[in-house]
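J.: From the sequence below, what's the structure:
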Amino acid sequence: MRNFLYVLVATVLLVMGFSSCIDDTIGPSISDIHSAVVEDSGFVFRGVSVRNTHLRSRSSIQLLGKVNADGYGTLTSDVVAQFMPTTAIDTVGVHGGDQWIDSCFITMRVAVGDVIGDTLAPMRMNVYKLNNQLPVPIFSDFNPGGYYNSSDLMGSVTYSATSEDRITAYNSTGTAAVTYYEVNVPVPVSYARDIFNEYKSNPSTFSTPKQFADFFPGIYITNTYGEGHVMNFYDIEFVTYYRKYVKLDESSDTIYPAMRQSYMAVTPEVVYNNNITLDVDSEVENLIAAGSAIVMGPAGYEVHADFPIQDIIDKFKAASSDGLAVVNTLTLDIPAEEVVNKYDIAPPKYLLMVKESYRDEFFEKDTLTNNKDAFYAEYNEQEDCYTFSGLRQYLLDIINNKGGVAPESDKKFVIMPIDVTTYTNSTTSSYYYYYSSAASTEVVTKIAPAVSKPCIVKLNLDKAKLRLVYSKQMVY
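T.: Numbering: from 1, shown residues only. Okay, here's the model as predicted:
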């Protein structure tokens, strides 16, 4: 199917003859240049669903719990994590030493809205101390069995996500910044006292995550009861409460009874992992068996696709053989269809399309899309579609650097759900004292396999549209 949008830019130069003393005559000369913008969408995009449980699930989210949803499946996720230690533990005024440390907790926070399933369902978690160093790299199918002992139970707690559990944090202007649920796991005070004493005797232990992990390898958090929901915890800290002596003035002093300090926290700089098991519902398996292209996560299905890049190059060359042509855009629109399921588990917000040969390197080096080997698209809820719009450089790379012949590695792609982390960059401009304006730009800072929440979508590849738009110039 080819649509021609002709823009006639014919320029006619008429040079009129003038009589002179030598009777010279210059005749008329006409030059026509025709330009056309051509859109070609006669390409076929094919793919099949492939199971992948082996993801490098390094994410800023710790997914914990178990949820059973018809039309999706049963998702179970637990967490292993090292800690980033604080660089300074308060010892000034703690005259009683470690005996003035009265209690400690592992505190976990999840934003309201980041609970998938029945928020009222009671759940129970256990927290164990690790006794071995976590491997690097670490993947979603990691088995923590050899890294902890069931006798090293640090604490356990029953929790849910009821409205009574909500906490609202406010910023400096008094505006609500975030509303979240908090889960506090009581931990024997001996753990806090050991860390306190280590800091006093060997402060270098706290200088790097590696040295701290040699002292305290980390924790394993697992769900031991309930299958009502999974939570996306964005913050895990080890919090202590202690007494502190303070001299108020020359004649008075006091002891504050409940000072609070975080000794360590899970941060992007340390090793952590979501250990994920997904038992896919039979309804979804039947869809795949019937030929549907299903993408689901975490650790579910991805689509392996054949990109018809050689067909695109060949048609472009043939169509432009009689003139000059310039590629304007190459885009891929993939219509999507929501899969009906319990708890309304939604399509993934983002999809990554990455060369199969480049996928491991992409995640191992924590890189971003480059519009040559990897691209991402955001789900358009109004259009029920994913649009990959930055494919021009991918096409030009093969034409300019590979002689227009695409190797197999440039044709095989994986389409998978991802989590995208962005940063809002704000700038302000002013004109003298009379005018000022503010602008903000979202900058992508991290792309990781989607492990933050369950997701599922059907991609209608038979209706996918690859559109090549180029400008063509012909001289007559």
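
J.: Show the backbone phi and psi for Leu391.
T.: Dihedral pair for Leu391: phi -90, psi 0, per degrees, to the nearest 10.

J.: doesn't Leu330 make contact with it?
T.: Yes - between Leu391 and Leu330 there is a contact under CB atoms under 8 Å: 4.0 Å. Just so you know, the C-beta spots here come from the backbone N, C-alpha and C atoms, and that holds for glycine as well.

J.: would you list every one of the helices in the stretch 1-150 of the chain?
T.: Taking DSSP state H, counting those that start in this stretch as the criterion, the stretch 1-150 of the chain carries no helices.

J.: Below-threshold pLDDT in it: ranges please.
T.: Scanning the stretch 1-150 of the chain for pLDDT under 70 picks out the ranges 1-33, 58.

J.: where along it do the strands fall?
T.: Ranges of strands within the stretch 1-150 of the chain are 2-8, 33-40, 46-51, 62-69, 73-81, 84-85, 101-117, 123-130, 148-159, based on DSSP state E, counting those that start in this stretch.

J.: JSON lines for the ones you listed, including mean neighbour count?
T.: Below are those laid out as JSON lines (neighbours: other CB atoms under 10 Å):
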{"stretch": "strand 2-8", "mean neighbour count": "10"}
{"stretch": "strand 33-40", "mean neighbour count": "16"}
{"stretch": "strand 46-51", "mean neighbour count": "16"}
{"stretch": "strand 62-69", "mean neighbour count": "24"}
{"stretch": "strand 73-81", "mean neighbour count": "23"}
{"stretch": "strand 84-85", "mean neighbour count": "22"}
{"stretch": "strand 101-117", "mean neighbour count": "20"}
{"stretch": "strand 123-130", "mean neighbour count": "20"}
{"stretch": "strand 148-159", "mean neighbour count": "15"}
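
J.: Out of those strands, which is closest to Val469?
T.: Nearest to Val469, of all the strands of the stretch 1-150 of the chain, is strand 33-40, at 4.9 Å by CB to CB.

J.: which intervals of the stretch 151-300 of the chain have sub-threshold pLDDT?
T.: Within the stretch 151-300 of the chain, the ranges that satisfy pLDDT under 70 run 163-164.

J.: can you give me the strands for it?
T.: For the stretch 151-300 of the chain, strands defined by DSSP E, counting those that start in this stretch occupy the ranges 166-170, 176-187, 219-225, 228-247, 253-265, 272-280, 293-297.

J.: same for the longest one, what does it pack against?
T.: Under the contact definition 3 or more CB pairs under 8 Å, 6 or more residues apart in numbering; DSSP states H and E, strand 228-247 sits against strand 62-69, strand 73-81, strand 101-117, strand 176-187, helix 189-201, strand 253-265.

J.: Quick check: Ile294 touching Ile288?
T.: Yes - at 5.3 Å, Ile294 counts as touching Ile288 under the criterion of CB under 8 Å.

J.: which residues do those two both contact?
T.: 49, 301 (CB atoms under 8 Å, 6 or more residues apart in numbering).

J.: What count of nearby residues applies to Asn286?
T.: Asn286 has 10 neighbours, counted by other CB atoms under 10 Å.

J.: Quick one: residues contacting it.
T.: So Asn286 contacts nothing (CB under 8 Å, 6+ apart).

J.: for the strands of the stretch 151-300 of the chain, which one sits closest to Leu130?
T.: strand 219-225 (5.9 Å).

J.: Perfect, that will be all.
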